[in-house]
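**Student:** For reference, the sequence and a predicted model appear below.
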Amino acid sequence: MKQIVVIFLCLFATTIQSKEGHHKKRHHKAHEHGSGKLNLATDGNKLVIKIEAPANDIVGFEHKPSTKEQRNKINSAIKFLKVASSNLQLPRASGCKPEGSSKIKAKMAEGEHEEGHEEEGHHKDEEHSEFHISYTFTCSNIESLNYVKVLSFKKFKGMKKLKAQGVTKTGQFSKTLNSKSPQFDLRK
């Protein structure tokens with residue numbers, strides 16, 4: 001599992017090298033509505049998938065929920081995303097089963113909802129709101145993991161594309177996924 005952490009650190013480093021050779025912190029770029037990220041890594045028989053998507057793509061707004069209907073939209077989205085099989089399709093032959101519970105956070109402009117619970121006053125400095133989704137799987141036949149299909153394009157009409165990148169034993173992969181092409185192939 002240590003190797004998978006190293007892979008994710010390499011993929012998602014929070015500093016960049018400037019021309020002078022000094023490290024600078026990367027500033028949050030404004031996210032693009034309709035565009036999220038999917039990152040995938042395998043290590044041994046483990047598969048980790050992390051997805052970030054603008055809240056507007058998932059629930060249709062980014063501000064702190066002000067009505068019961070808006071809170072229900074967030075809780076409904078979290079409930080849907082928490083079940084890995086409702087959001088992702090993996091090859092049956094891979095024998096991948098969710099490990100523990102999925103981690104879902106909805107970081108709204110002036111509050112944070114985590115698995116259906118609101119924590120007031122958290123992340124007040126956020127310029128934008130996002131859903132952070134994390135799945136970990138244990139696979140009995142990871143060699144058969146040759147794709148991941150994202151099913152949430154059908155559920156969330158505001159989700160237009162996911163920029164996917166992955167690292168597996170067989171190589172590095174990248175592709176932009178959308179509702180017409182929701183499958184991330186993991187074979188060359």
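**Tutor:** In hand now; what should we look at? Residues are numbered from 1 along each chain as shown.

**Student:** I58 touches F153, doesn't it?
**Tutor:** No: counting by C-beta atoms under 8 Å, I58 stays clear of F153, with 11.4 Å between them. Where C-beta positions appear, they are placed from N, C-alpha and C, glycine not excepted.

**Student:** Which positions within the helix ranked longest in the chain qualify as buried?
**Tutor:** With secondary structure taken from DSSP state H, the chain has its longest helix at helix 68-82. In terms of neighbour count (16 or more other C-beta atoms under 10 Å), helix 68-82 has its buried residues at Q70, R71, K73, I74, N75, A77, I78, F80, L81, K82.

**Student:** a markdown table please, covering those and showing pLDDT.
**Tutor:** Listed next are the buried residues of helix 68-82 as a markdown table, based on pLDDT from 0 to 100:
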| residue | pLDDT |
| --- | --- |
| Q70 | 95 |
| R71 | 94 |
| K73 | 95 |
| I74 | 94 |
| N75 | 94 |
| A77 | 95 |
| I78 | 94 |
| F80 | 94 |
| L81 | 95 |
| K82 | 94 |
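
**Student:** K64 touches A106, doesn't it?
**Tutor:** No: under the criterion of C-beta under 8 Å, K64 makes no contact with A106, lying 10.8 Å away.

**Student:** just to revisit the earlier point, ok, I58 and F153, which is more surrounded?
**Tutor:** Taking neighbours as other C-beta atoms under 10 Å, I58 and F153 compare with I58 leading, 27 against 19.

**Student:** Give me the three-state assignment for the closest residue in space to S144 that isn't next to it in sequence.
**Tutor:** Leaving aside its sequence neighbours, S144 sits nearest to A93 (C-beta to C-beta, 6 or more residues apart in numbering; 3.8 Å). At A93 the chain is in helix, as set by DSSP: H, G, I helix; E, B strand; the rest coil.
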